[in-house]
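S.K.: coords below, sequence missing:
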């Protein structure tokens, strides 16, 4: 399956953005996740959601500000980002994995979408 992330852009600190990730095929059996990579930094985990959408986990740095959701019928994953901070500036990637939700490895990756938060 191919993943296409979109929705990035420039936003002021304190603002909001919603990223989308659309799949070329069914994702209803895949756990999905969001990752990000800032300039000169390692890629880091943002959060993940189970195949049904019933379980979500978030990195401490985004907990309470970001929300992951999904619409399997639309083959789409979302990342709602509120109260954005300059340190949230990064390229954001969506990813999918088969098997257990608790697997650490992802099988499918989308291209990134750039989010820039100005102070």
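M.R.: Sure thing, it's come through. Here the structure is a predicted model, which means the values were calculated and not measured. Numbering: from 1, shown residues only.
S.K.: centroid residue for this structure?
M.R.: When Cα atoms, centre = their mean is applied to the chain, the residue found nearest the centroid is residue 34 (2.7 Å).
S.K.: Is residue 17 bridged to anything, and to what?
M.R.: Here residue 17 sits in beta bridges with residue 81, going by DSSP bridges.
S.K.: ditto for residue 5
M.R.: Under DSSP bridges, the beta-bridge partners of residue 5 are residue 21.
S.K.: before we move on, back to that, need the contact list for the nearest residue to the residue nearest to the centre of the chain once chain neighbours are set aside.
M.R.: Distances taken as Cβ to Cβ, 6 or more residues apart in numbering put residue 46 closest to residue 34, at 4.1 Å, once the chain neighbours are dropped. Yep, even glycine has a C-beta here, placed from its N, CA and C like the rest. Residues near residue 46 by Cβ atoms under 8 Å, 6 or more residues apart in numbering: 33, 34, 35, 36, 58, 59, 62, 66, 79, 92.
S.K.: Find the nearest non-adjacent residue to the fourth one, please.
M.R.: It stands for residue 36. Spatially, and ignoring its direct neighbours in sequence, residue 36 is nearest to residue 90 (3.8 Å; Cβ to Cβ, 6+ apart).
S.K.: just checking, the one you found touches residue 115?
M.R.: Yes - look at residue 90 against residue 115 with Cβ atoms under 8 Å: they come within range, at 6.2 Å.
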